[in-house]
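*Asks:* below are the sequence and a predicted model for it; my questions follow.
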Amino acid sequence: MGAVSALFWGLLILSILVTVHEAGHFLAARACGMRVTEFYLGMPSRFHLAKKSKKYGTEFGVTPLLLGGYTRICGMENAGDERLSEVFAYVQKQGRCDSSQIASALSVDEEEVEANLNVLFDWAALRDCGMLEQGEKSVLVASTLARDPFMLTEYDRGHNFELKGSTAEGEARPLVDAKTALEFERARTYDGKGFFKRFFCLIAGPAVNIVLAFLVVVGVSMATGFEVASGTNEIGAVTSDSLAQKAGLEAGDKITAINDTAVQNWAEIVDSLDKEFKDPHPFELSYERAGKLQKTTINLPSDGSVKLIGIAAKTTHAYPNFFEASHIAWSYAQIIAGSAVRLIMPQHTVEVLSQSSSVVGISVMASEAAHSGIHSLLMFAALISMSLGFMNLLPIPPLDGGKILIEMIQASIKRPMSLKAKAVLSYIGLALLLALFVFAVGNDVLHFIVR
């Protein structure tokens with residue numbers, strides 16, 4: 001049952017966090033006026049369950065490959081060539097046709113037509129009707145989309161097919177000006193937006209993960225509280241077989257002096273002990289037990305081999321206010337962000353990787369957190385969400401940070417990067433991510449399975 005529990009909780013936590021991440025991309029894209037055709041939990045698969053939204057036109061679904069998810073935002077692929085407007089205009093004029101017909105009518109190569117059709121499919125400017133067998137070859141079939149009088153499709157905000165002048169899917173809708181119409185379509189895609197809207201769309205996913213995690217940590221901290229030192233001179237616990245236990249000290253004793261130096265709170269106790277450790281030798285400690293003052297000797301070795309006498313401060317359960325809880329969440333964020341940055345610093349990479357976990361370790365720890373209670377599970381999920389957010393901001397394609405890096409390069413050189421350059425960066429990034437994944441899985445196997 002341990003493996004089943006780990007699988008269940010691991011998939012549950014990761015699925016929720018991936019859905020939240022992709023929801024960030026989806027909402028940002030919609031807010032920026034970009035078309036979004038698919039929103040899936042799970043990696044692409046021919047086996048899936050889905051339902052199309054009448055409001056957004058987006059297909060929401062789930063696949064069996066639950067190790068991720070994706071949002072298909074229109075216009076993030078290739079931009080097509082100079083014949084794109086002609087191909088679009090021809091399909092709009094016909095209503096439904098195939099790549100062979102288009103190639104013959106425009107006197108262009110059929111492969112070029114198919115490449116342009118795929119761009120228009122990606123833009124959600126035309127409907128992909130699949131491949132059709134024609135004798136010994138297959139042709140790609142395309143049709144028009146349902147549009148209202150303002151040329152808006154089901155993927156555009158404000159569309160209304162009830163208005164007079166609307167056309168149905170597959171119905172001819174000739175264009176007055178093909179190039180103007182094509183720009184109308186491009187303007188509703190990722191490719192047709194400016195740098196800041198693209199940046200907002202890319203950073204929204206990690207940002208939602210980080211903000212959600214921050215709020216969960218704040219909420220859980222305020223609800224459950226934590227143990228803090230009371231600040232008094234009372235001993236809260238004595239370590240077994242320590243110098244303090246051998247000297248007869250017990251939990252509840254109140255330390256009143258160290259070597260005749262009076263102490264009234266724990267800070268003064270720590271300061272006095274620090275002085276003794278700087279010049280190690282046996283020293284006298286006065287304390288109060290049951291209202292009676294007593295003395296004992298702490299036999300601190302003079303060779304400096306012992307660094308603690310074995311006492312802990314008395315603690316009390318405190319509930320932080322919003323600002324104190326926010327400081328806790330901010331501290332977690334700093335630690336996790338720092339680890340993410342050190343991961344891409346060669347001198348720290350191995351160190352960070354040795355402390356990292358893959359989906360295997362996350363699943364095991366999620367199961368352990370779930371059995372510890374809802375608060376532990378929520379805190380664990382928050383920290384994983386924060387990690388997911390910061391890791392996705394690393395400048396490594398195909399992570400969101402890598403895509404942001406490409407957008408920044410394109411903005412600085414004031415032209416799109418070549419497809420070849422993007423492909424090279426993506427392959428390097430994928431190879432690096434695969435290596436990191438294999439290393440992390442190896443850590444988990446050694447820690448959770450071989451142990």
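*Replies:* That came through fine. Numbers count the residues shown, from 1 in each chain.

*Asks:* neighbours of the residue lying closest to residue 401 once chain neighbours are set aside, how many?
*Replies:* Using C-beta to C-beta, 6 or more residues apart in numbering and skipping the chain neighbours, the partner closest in space to residue 401 is residue 393 (4.2 Å). Heads up, the C-betas are built off the backbone N, CA and C, glycines and all. Neighbourhood size, residue 393 [other C-beta atoms under 10 Å]: 22.

*Asks:* can you tell me which residues contact residue 393?
*Replies:* Neighbour list for residue 393: 203, 206, 340, 399, 400, 401, 404 [criterion: C-beta atoms under 8 Å, 6 or more residues apart in numbering].

*Asks:* pipe those residues into JSON lines and attach distance to residue 287 per row.
*Replies:* Shown next, in JSON lines, are the contacts of residue 393 (distance: C-beta to C-beta, whole Å):
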{"residue": "203", "distance to residue 287": "57"}
{"residue": "206", "distance to residue 287": "53"}
{"residue": "340", "distance to residue 287": "47"}
{"residue": "399", "distance to residue 287": "57"}
{"residue": "400", "distance to residue 287": "58"}
{"residue": "401", "distance to residue 287": "56"}
{"residue": "404", "distance to residue 287": "60"}
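
*Asks:* can you pull the buried residues of stretch 211-224?
*Replies:* For stretch 211-224, the neighbour count (16 or more other C-beta atoms under 10 Å) marks 212, 213, 214, 216, 217, 218, 219, 220, 221, 222, 224 as buried.

*Asks:* wait, I meant stretch 242-251
*Replies:* 242, 243, 244, 247, 249.

*Asks:* wait, residue 178 touches residue 87, no?
*Replies:* No - Residue 178 is beyond contact range of residue 87, at 9.4 Å (criterion: C-beta atoms under 8 Å).

*Asks:* those two - which one has more neighbours?
*Replies:* Per other C-beta under 10 Å, whichever of residue 178 and residue 87 has more neighbours is residue 87, with 29 against 18.

*Asks:* show me what contacts that one?
*Replies:* If you count contacts by C-beta under 8 Å, 6+ apart, then residue 87 has 102, 106, 113, 116, 117, 120 around it.

*Asks:* just to revisit the earlier point, which ones among the contacts of residue 393 map onto helices?
*Replies:* 203, 206, 340, 400, 401, 404 (DSSP state H).

*Asks:* and the residues you listed as a markdown table, adding pLDDT, distance to residue 164 and neighbour count?
*Replies:* Formatted as a markdown table, the ones in helices among the contacts of residue 393 follow (pLDDT from 0 to 100; distance: C-beta to C-beta, whole Å; neighbours: other C-beta atoms under 10 Å):
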| residue | pLDDT | distance to residue 164 | neighbour count |
| --- | --- | --- | --- |
| 203 | 97 | 42 | 20 |
| 206 | 97 | 45 | 25 |
| 340 | 87 | 55 | 19 |
| 400 | 95 | 43 | 25 |
| 401 | 94 | 48 | 22 |
| 404 | 95 | 44 | 19 |
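
*Asks:* let me have those residues in JSON lines, adding distance to residue 136 as columns.
*Replies:* Putting these into JSON lines (distance: C-beta to C-beta, whole Å) gives the following:
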{"residue": "203", "distance to residue 136": "49"}
{"residue": "206", "distance to residue 136": "49"}
{"residue": "340", "distance to residue 136": "54"}
{"residue": "400", "distance to residue 136": "44"}
{"residue": "401", "distance to residue 136": "47"}
{"residue": "404", "distance to residue 136": "46"}
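
*Asks:* which one of these sits closest to residue 323?
*Replies:* residue 206 (24.8 Å; C-beta to C-beta).

*Asks:* does the closest one touch residue 400 like I think?
*Replies:* Yes - with contact defined as C-beta under 8 Å, residue 206 counts as touching residue 400 (5.6 Å).

*Asks:* please report how far residue 344 lies from residue 417.
*Replies:* Residue 344 sits 21 Å away from residue 417, going by C-beta to C-beta, to the nearest Å.

*Asks:* please identify the helix or strand for residue 212.
*Replies:* helix 195-224 (DSSP states H and E).

*Asks:* ok, then the element right after that helix?
*Replies:* Heading C-terminal from helix 195-224 (DSSP H and E), you reach strand 226-229.

*Asks:* show residues contacting that next one.
*Replies:* 266, 313, 314, 315, 316, 317, 318, 320.

*Asks:* okay, now residue 50: neighbour count?
*Replies:* Neighbours around residue 50, by other C-beta under 10 Å: 13.

*Asks:* what about it, distance to residue 67?
*Replies:* 18 Å.

*Asks:* and residue 295, which of the three is it?
*Replies:* On the three-state scheme (DSSP: H, G, I helix; E, B strand; the rest coil), residue 295 is labelled strand.
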